[in-house]
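S.K.: Please find the sequence and the predicted model below.
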Number of protein chains: 2
Amino acid sequence: MKEADFLSALRALPLHVGARGLADDTATLGELVLTKDLIAEGVHFLSADPPGDVAWKLVAVNLSDLAAKGATPEGLLLGYPLGDDAWDRAFLTGLDAVLRHFDCPLLGGDTITLPPGTPRMLSLTALGRSGAVPVRGGARAGDALYVTGTIGDAGAGLVLAQTGGQGPLVDRYRRPTPRLAEGRALAPLVHAMMDVSDGLLIDAQRMAAASGLAVTIDLDLVSLSVAYRAWPGADPLHAATAGDDYELLFAGPADLPLPVDATRIGRFAEGRGLTLTQDGQTLPLPDRLGFEHAAPGAP
Amino acid sequence: MKEADFLSALRALPLHVGARGLADDTATLGELVLTKDLIAEGVHFLSADPPGDVAWKLVAVNLSDLAAKGATPEGLLLGYPLGDDAWDRAFLTGLDAVLRHFDCPLLGGDTITLPPGTPRMLSLTALGRSGAVPVRGGARAGDALYVTGTIGDAGAGLVLAQTGGQGPLVDRYRRPTPRLAEGRALAPLVHAMMDVSDGLLIDAQRMAAASGLAVTIDLDLVSLSVAYRAWPGADPLHAATAGDDYELLFAGPADLPLPVDATRIGRFAEGRGLTLTQDGQTLPLPDRLGFEHAAPGAP
């Protein structure tokens, strides 16, 4: 099944009130924020990626969901497929580093032995605490759309990593930084917030859809890093659809005083759908707005 | 790496106080009890198992960990690999049934798309609430060892399922029942409690080791079901090492008035290790006490 169809079907099952209709990347339980993100070899990371970087990414993508809810990490539950000694030891070294870096201890987990040759699939559940949890669907007509940091670096890094490249773009692909401090600063101020994991355009479209609104993004305003602009494949449309950015996308008043490094890139209005502009012109939407989870061969 | 070595290495990482040194199957956060169990095709379930039964087992094995801590289920986070439509739909139907049966709603989760042909690996995080959380390592010298229900049914069911068999033993393999009510009744009374997932002997040995004690089990006292005893392969040693029972194993005073269906099968004493007796004689320990998670080809 496609992810969207599977999610729709899940919504017909008994849901906890803290699931908030499965409309968000996280659940809430009192002041606790909960998220669970899986990453798989060949899908979210490359077989040749250093195991320590895989550990980093696994933790970072989960903490990014907490960041989008203004949460401070509390602890993690790890689901780990045991493999060869060298890989496991390098993973543990990387896990130690990322736990210390983000001051997030391990709460527990489970290990498993997969049949030989099975691609690795890692699972993490992250818990955090937040006083003010912004929802994905809280944008209001007239709100501006903002995003922290720069977009596209990780997408370029993936292209480079596939041919053995190194450098700051590859680092952003392999070792993303969840915007935890930014999320905490923004959470009390914004109307809606989510992280950019699947691509700026697709995630903005999801925020608009969840808010029952239309959104327009001005591609000229999307902030690109110096390293990205120096990359031969640089293209704002690639940057805005590549995903893996783990920046925070948020909606708020057009005159919001920004407490963090962020850029105003668009606006919400009554209606529905995504409009893309560049040089004052409306662009045709690309076929692919970002990464969509669908079963191989699914229609 | 072997599971035990991986766990030892994890213990050197930053741990949450609620992880309690990773000595248990669950973590605690205030009155919340958290657990995460993975199941994989070809390891914990058979490729031919009905998808609805896989959903049942995934939920049941996690709720069994909560049961061992006297917890009432609060909610679940599902990690799911999207596959073919028919399998996914049948899984959802089974998931709906098991959520309703155990009155445990969904809190959230994540879906993933695996490369074609990859064996399914499913992940679940379960949260519950408990006022009194028994630890695994709380047995005292002089305590008796007890276990709820009957042992070995699921092990026989697995053997039967592998050749297309059906019936009550196969049902116990495919649709285990977490002892939630029993766990809540026992939690305030016992000194130590855990569920029997990997095998009665190996799990009893783990409880003894965690408690710093020796344990003796009288194989004659292990309760076998009528269906198990009628199975041609019936053998108390097979029953005690097969695993997948999801009964509750607990330590308490020898004269504990039992509020649930349970059997006294052994005793704890100063010392270490597991002793097995039958007909008043000490038995040599079998090579295999139960299911141990080790990487394929690991030493």
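M.R.: Received, thanks.
S.K.: in the sheet, who's paired with the residue lying closest to A:D220 once chain neighbours are set aside?
M.R.: Counting by Cβ to Cβ, 6 or more residues apart in numbering or on different chains, A:D220 lies nearest to A:Q278, which is 5.8 Å off, once chain neighbours are set aside. In short, each C-beta sits where N, CA and C put it, glycine included. In this entry, A:Q278 is beta-bridged to A:Q281, by DSSP bridges.
S.K.: need the contact list for A:Q278.
M.R.: Residues in contact with A:Q278 (Cβ atoms under 8 Å, 6 or more residues apart in numbering or on different chains) are A:D218, A:L219, A:D220, A:P236.
S.K.: of all those residues, which comes closest to A:S123?
M.R.: Using Cβ to Cβ, A:P236 is the member of those that sits closest to A:S123, with 34.1 Å.
S.K.: And for the closest one, nearest residue in space, chain neighbours not counted?
M.R.: Using Cβ to Cβ, 6+ apart, the closest residue to A:P236 is A:L219 (4.8 Å).
S.K.: Now do that neighbour: how many residues are near it, please.
M.R.: 19 (other Cβ atoms under 10 Å in any protein chain shown).
S.K.: Just to check, it is in contact with A:T275?
M.R.: No: at 10.8 Å, A:L219 and A:T275 do not qualify as touching, with contact defined as Cβ atoms under 8 Å.
S.K.: Can you say which of the contacts of A:Q278 are buried?
M.R.: Judged by neighbour count, with 16 or more other Cβ atoms under 10 Å in any protein chain shown as the criterion, the buried members of those are A:D218, A:L219, A:P236.
S.K.: Please narrow those residues to those residing in strands.
M.R.: The strands in this structure, assigned by DSSP state E, contain A:D218 from those.
S.K.: Checking A:R172 next. Helix, strand or coil?
M.R.: Using DSSP: H, G, I helix; E, B strand; the rest coil, the structure places A:R172 in helix.
S.K.: Can you tell me, leaving aside adjacent residues, what's nearest to it?
M.R.: Counting by Cβ to Cβ, 6+ apart, the residue nearest A:R172 is A:D153, at 4.0 Å.
S.K.: residues in contact with the one you found?
M.R.: Contact criterion Cβ under 8 Å, 6+ apart gives A:P168, A:L169, A:R172, A:Y173, A:S225, A:A227, A:Y228, A:D245 as the residues in contact with A:D153.
S.K.: Kindly give the local confidence score, pLDDT, for the residue nearest to A:P236.
M.R.: pLDDT recorded at A:L219 is 97.
S.K.: again with the one 4 residues further on
M.R.: On the pLDDT scale, A:S223 is placed at 97.
S.K.: got it, and A:F45?
M.R.: Per-residue confidence at A:F45 stands at 88 (pLDDT).
S.K.: A:L213: which of the contacts of A:D153 is nearest?
M.R.: The shortest gap between A:L213 and any of these belongs to A:D245, at 22.0 Å (Cβ to Cβ).
S.K.: what number of residues lie near the closest residue in space to the closest one that isn't next to it in sequence?
M.R.: Ranked by Cβ to Cβ, 6+ apart and with sequence neighbours excluded, the top spatial neighbour of A:D245 is A:V196, at 4.3 Å. Neighbours of A:V196 under the rule other Cβ under 10 Å: 28.
S.K.: Who are the contact partners of A:V196?
M.R.: Taking Cβ under 8 Å, 6+ apart as the criterion, A:V196 is in contact with A:V147, A:I151, A:D203, A:G243, A:D245, A:Y246, A:E247, A:L248, A:L249.
S.K.: how about a cut-off of 6 Å?
M.R.: A:D203, A:D245, A:E247, A:L249 (Cβ atoms under 6 Å, 6 or more residues apart in numbering or on different chains).
S.K.: The last one touches A:G149, doesn't it?
M.R.: No: the pair A:L249 and A:G149 fails to qualify as a contact (Cβ atoms under 6 Å) at a distance of 10.7 Å.
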